[in-house]
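Novice: I would like the atomic coordinates for the input below:
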Amino acid sequence: MITSLTNIIPSLFCYNFIFCFSVLANVCTSHLIPYNDHCSSVAPESISPHRSYNNNSVPLLVTSYYTGGDKLLGRRPSEKPHYYFTKSLKLQITRNDPYKFEALLSIRSPYGYYSSGGSFFNKTGTHRAGPITFLMNGFWLESSRELCMVGSSSWLSEEGQTVNLDAALNLKFADHNNPTILSSFVCGNLTSTANSSANQSAYFDPLLIFSFPILPLYNYSLVSQELDGGFDVPKSDSLDLVGSEFCSMVSGRYFVFEMLYAAECKNMNLTSRNCSPLGGDGLYLPSFVSLDMIQCSADQRKVRYTVRFRNITRGVFYEDFNPVWTLISEGSWDETRRRIIIVACRISNAVDGCTIRLSLWYPATWTTRDDAKVVGRIWTNTTVNDPMYFRKINLRSSDENDMAVFPGLRYEYTEFDRVQKFCPVVENNTNIYPKGNSRDMKFDIYVGNSKRQLFASGDAMPISVGNKFYGIFPENIPEEDPLSISYKIGVRPFRKIKFDKVFPSLYSSMNLRSRVEITAEGVYDARTGRLCMVGCRKLFSYNNKNPTTNVLTDCEIIVNFEFSPLDARRECLVRGIIRSTRAKIDPLYFEDMSLLSASFYRKLAKQSKWRIEMEIVMALISSTFTCMFVGLQLAHVKRDPNLLPSVSLVMVVVLSLGHMIQLVLNFNASFRSSRQVRTLRSGLFLEANELTATMAVTVVSFLMEMRLVGLVWAAKRHSSDGNEKGFWSDERKACFVSLVMCICGVYFLGVLRLSYAGLILDGFLVPQVLFNIFTGSTEKALAESFYVGTSAIRLAPHAYVSGTDYYYAKIRTGGFYSITWGVVVRCGIVVLAVIVYLQQRYGGRCIIPRRFRRL
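Specialist: Numbering: from 1, shown residues only. I've put the predicted structure just below:
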């Protein structure tokens, strides 16, 4: 935290310093710009002492609705706004007196940036510290709500040169007394006063500015009169919006709509007139329309929107503002027909006809084929001969990743005939499976292809269980077998996967959030753990490579899931498959997608709490006993130092390295997390105090083992220097054979990981056995308490795993702690301890047949 603050504070200081310096530079470098040459027709200059203003005469202007000025903003052709920078324009009055206003106009450009080392630079590599700031002065005309100002700014060109920009700002503000849609927004422009030919470096294209402020006294004049709804929908098919929930339900993500054009409008090879809401010949059709709420009145159930046509394929909306593609509108809730009626007007510096109508309603029923939150239609009330006339366009909310349930909404099962065809009844078994209304029915998934290659991840979440939506009073849902259920399954490909290449037929179903979503319904049988459903996927027009098709959904899909029993000992708790029932030659056919989930059942997770506590105790006890057994071995060789040369140096080094690795991993776990829960290398969750105690005991054990290593090393070296029979040759042989055995283990087992290192530690007595064979020693070099006790510590984890759930144990400790390996390793540890006992009693070569002992 301290390091991050030390990095942030200088950055903030430098930013503020550069910003203030740029403002001061503007003051010093600004020169007199003739005001009347640019503003006399808007707000004439006056020195009358009777003119007076207050601080609230000119409202604060903050907006992101501006366009043009590409050179000023550093925009290059076809460049999109940068993700990390918010586009904004701010005008703030700094001083007013009876004669004139002074203001700062700040413009932040989102173009031309790239990230490098935590800082953002423009394409030329020049650091851009803050927004472009103009120091402006001018006059305000209260009667017409107009402001005109002139001023200048220091600007850094692409060549890195400082250029003085002179500009004139002309704004018309919204009325504050009884404003209507015609006078409810701010519009204007920022133009360069330089000559485009004589002073090209200081000239920039005009910047068109719009703003749509909240107006408390706004008059909904257009929707106050009776309006034609365009068409009728049965009242029972639409939800009613109560006053308290009106404003929350008429805004947000649901109000981005896909535009569904008539079939003849989709054929771009023909001239499709009267198709585009933008007018013209209709060859350019926007894919989406969004309604961004300006303000809402819950009491009157009326709302103001900006309506923006968009043309993107996916991702978040980062398109430039375009006045031609933007409408300003107001809407009202029609209680009789249960819909929102909206009147929209085109803008381009002035309102140009309020001839566009929108009608939106909330379907009261969801089905597998249609689960849109909001649907509607957009049309015009002009005649066919009008150049701005266009055909009616259906609208459908495009937020396919939201599971919000509106009051009064219900789900209707409509695919029972297909479910009975593809979902046969399966015989019951004696296992216990999750209930249909449990939280275990919601899980994350990984998705693979027919070659078992994972290419995507996702989730599966129930929509409804029985006649209730999932998560709403689940305890009241009757437990029927089989139980009707519906799901929404989302699949998102990994970043490096080109989905249009892997599954080209599914690419047309990828929504705005880069997800392929399948809505399915069927039956779940808690007696067998089988979930069988038929599903549908949407075909979005903006992804459809064959725009002439009228198909909106593909419902030839089968989804099967198989849940593991609640006492499952398998790795994967849920397995499934998504299969297309179409013929392979069908353009909508796709290969099978295999699904798997490794989520824990909640019941098993609760039952594992006692295991965690047991593991905490085991970790502390094993560390304490290890320390004690090493201490007994040190006492053993202290009583008879002549035994030290007969101790295998490789064995002691293996034990020391094992504790050193454990210490390193535990220290890494303690520093990696700042929370009170820490993770040990075996997956144990220990609180900070248990971790500290375990590490302290492990440090003592490691130091004692290093002491033993030093004593054995010194003893062997002393034996060689004293011209006695040296043990180094036999030690090298034992080391060589041990190393060969380890390499062969890696080769045959095909693994080299932490679990294999644990297997080597389990066989810590192998070097001692080999050393005794090569020396033929009968010395009792190892205390019985040492090798028997240490072997018992190595046996404990395998004995524990054999008595616990295999799935949890494998995740915690790796493949060599499985049931099969547990038996093999336990037998090996016991055999090694018995061999050492026999060698120290009858000689190192006692385990070798007599005829081979002299070789």
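Novice: Wasn't residue 579 part of a strand?
Specialist: Yes - inclusion of residue 579 in a strand is indicated when DSSP: H, G, I helix; E, B strand; the rest coil is applied.
Novice: which residues touch it?
Specialist: Contacts were defined as Cβ atoms under 8 Å, 6 or more residues apart in numbering; by that measure residue 579 touches 557, 558, 559, 560, 592, 593. Quick note: C-beta positions are derived from backbone N, CA and C, even for glycine.
Novice: Pretty sure the fifth one sits against residue 577.
Specialist: Yes - between residue 592 and residue 577 there is a contact under Cβ atoms under 8 Å: 5.8 Å.
Novice: Now list whatever residues contact both of those two.
Specialist: Taking Cβ under 8 Å, 6+ apart as the contact rule, residue 592 and residue 577 have no neighbour in common.
Novice: What segments of the stretch 451-600 of the chain are helices?
Specialist: According to DSSP state H, counting those that start in this stretch, the stretch 451-600 of the chain carries its helices in the segments 499-502.
Novice: Specify which residues of it, grouped into ranges, have pLDDT under the cut-off.
Specialist: In the prediction, the stretch 451-600 of the chain carries residues with pLDDT under 70 at positions 472-480, 541-551, 568-572, 598-599.
Novice: hmm, 50 instead?
Specialist: Under the criterion of pLDDT under 50, the regions of the stretch 451-600 of the chain flagged as low confidence span 474, 546-550.
Novice: need the strands for it, in chain order.
Specialist: Per DSSP state E, counting those that start in this stretch, the stretch 451-600 of the chain carries strands over the ranges 454-465, 468-469, 483-493, 516-525, 530-538, 553-563, 574-580, 593-597.
Novice: where does the stretch 201-350 of the chain have low pLDDT?
Specialist: For the stretch 201-350 of the chain, the stretches with pLDDT under 50 are 269-270, 313-316, 349-350.
Novice: follow-up on the earlier one: what's the closest of the strands of the stretch 451-600 of the chain to residue 248?
Specialist: For the strands of the stretch 451-600 of the chain, the distance to residue 248 is smallest for strand 468-469, at 18.3 Å, taking Cβ to Cβ.
Novice: For the closest one, which strands pair with it and how are they oriented?
Specialist: Based on DSSP bridges, the strands next to strand 468-469 in the sheet, each with its direction, are strand 454-465 (antiparallel).
Novice: The strand it pairs with to strand 530-538, inter-axis angle?
Specialist: Between strand 454-465 and strand 530-538, the angle formed by their directions is 100 degrees, by axes from the mean of the first three to the mean of the last three Cα atoms, to 10 degrees.
Novice: CA atoms only for strand 454-465, dumped as CSV, please.
Specialist: As requested, the backbone C-alpha atoms of strand 454-465 are provided in CSV (Å, rounded to 0.1, in the frame of the first residue of the first chain):
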residue,chain,number,x,y,z
LEU,A,454,-11.1,-27.0,-24.0
PHE,A,455,-11.9,-23.8,-25.9
ALA,A,456,-14.4,-21.9,-23.7
SER,A,457,-15.8,-21.5,-20.2
GLY,A,458,-19.3,-20.5,-19.1
ASP,A,459,-22.0,-21.1,-16.6
ALA,A,460,-25.4,-22.9,-16.4
MET,A,461,-28.1,-21.3,-14.3
PRO,A,462,-31.7,-22.3,-13.9
ILE,A,463,-34.4,-19.8,-15.0
SER,A,464,-37.4,-21.6,-13.5
VAL,A,465,-37.9,-24.7,-11.4
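Novice: so how far is it off the chain centroid?
Specialist: Shown here is strand 454-465, whose average C-alpha point lies 15 Å from the average C-alpha point of the whole chain (Cα atoms, centre = their mean, to the nearest Å).
Novice: Counting neighbours, which bits of that strand end up buried?
Specialist: Judged by neighbour count (16 or more other Cβ atoms under 10 Å), strand 454-465 contains these buried residues: 455, 456, 458, 459, 460, 462, 463, 464, 465.
Novice: export those residues to TSV and tack on distance to residue 320?
Specialist: As requested, those are arranged in TSV below (distance: Cβ to Cβ, whole Å):
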residue	distance to residue 320
455	34
456	32
458	33
459	34
460	38
462	41
463	37
464	41
465	45
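Novice: Of those residues, just say which sits nearest to residue 366.
Specialist: When these are compared for distance to residue 366 (Cβ to Cβ), residue 463 comes out closest, at 7.2 Å.
Novice: In this structure the closest one contacts residue 486, no?
Specialist: Yes - distance between residue 463 and residue 486: 4.3 Å, which falls inside the contact criterion (Cβ under 8 Å).
Novice: Spit out the residues that contact the two alike.
Specialist: When contacts are counted by Cβ under 8 Å, 6+ apart, the set common to residue 463 and residue 486 consists of 411, 519.
Novice: which residues sit against stretch 411-424?
Specialist: With contact meaning Cβ under 8 Å, 6+ apart, stretch 411-424 is reached by 365-369, 463-464, 467, 469, 484, 486, 521-523, 532-534, 555, 558, 581.
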